[in-house]
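Asker: missing the sequence, but the structure's below:
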């Protein structure tokens, strides 16, 4: 997974994503370097458009709940926040 992050970082800063550069980023971060994983990643990205992959991935929220369940959760959080704001206790009430 770290090699994917390294590739995305390189892409974000405008660098060409290569095995050597991904390995260098991982080494600099102190992460474990798995050369086999890096080779597979680079091979998979060879014909890919990273910007399109990012766009398609950001269109689908990870762990998205059905819309019927989302609204009540937001309302519940809002109620909790209101209660917390109305009743300050402990050391926080001093400020």
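Answerer: That came through fine. Keep in mind that this is a model prediction, so the values were computed, not measured.

Asker: low-confidence stretches in this structure?
Answerer: 59-95 (pLDDT under 70).

Asker: how does it look with 50?
Answerer: Across the chain, residues meeting the criterion (pLDDT under 50) sit at 93-95.

Asker: okay, helices next: where are they in it?
Answerer: Applying DSSP state H to the chain gives helices spanning 2-12, 19-29, 35-45, 50-58, 67-86.

Asker: show me the contacts for residue 26.
Answerer: By C-beta atoms under 8 Å, 6 or more residues apart in numbering, the contact set of residue 26 is 2-3, 6, 32-33, 38. C-beta coordinates here come from the backbone N, C-alpha and C atoms, glycine included.

Asker: just residue 2 next, same as before
Answerer: 26, 29, 31-32.

Asker: state the distance from it to residue 55.
Answerer: Residue 2 is 23 Å from residue 55, where distance means C-beta to C-beta, to the nearest Å.

Asker: how many residues are close by the residue nearest to residue 15 when sequence neighbours are not counted?
Answerer: In this structure, residue 15 finds its nearest non-sequential neighbour in residue 21, 6.1 Å apart by C-beta to C-beta, 6 or more residues apart in numbering. Residue 21 has 17 neighbours, counted by other C-beta atoms under 10 Å.

Asker: wait, doesn't residue 21 sit right on residue 13?
Answerer: No - applying C-beta atoms under 8 Å, one finds residue 21 not in contact with residue 13, separated by 10.4 Å.

Asker: can you get me a residue count around residue 19?
Answerer: 15.
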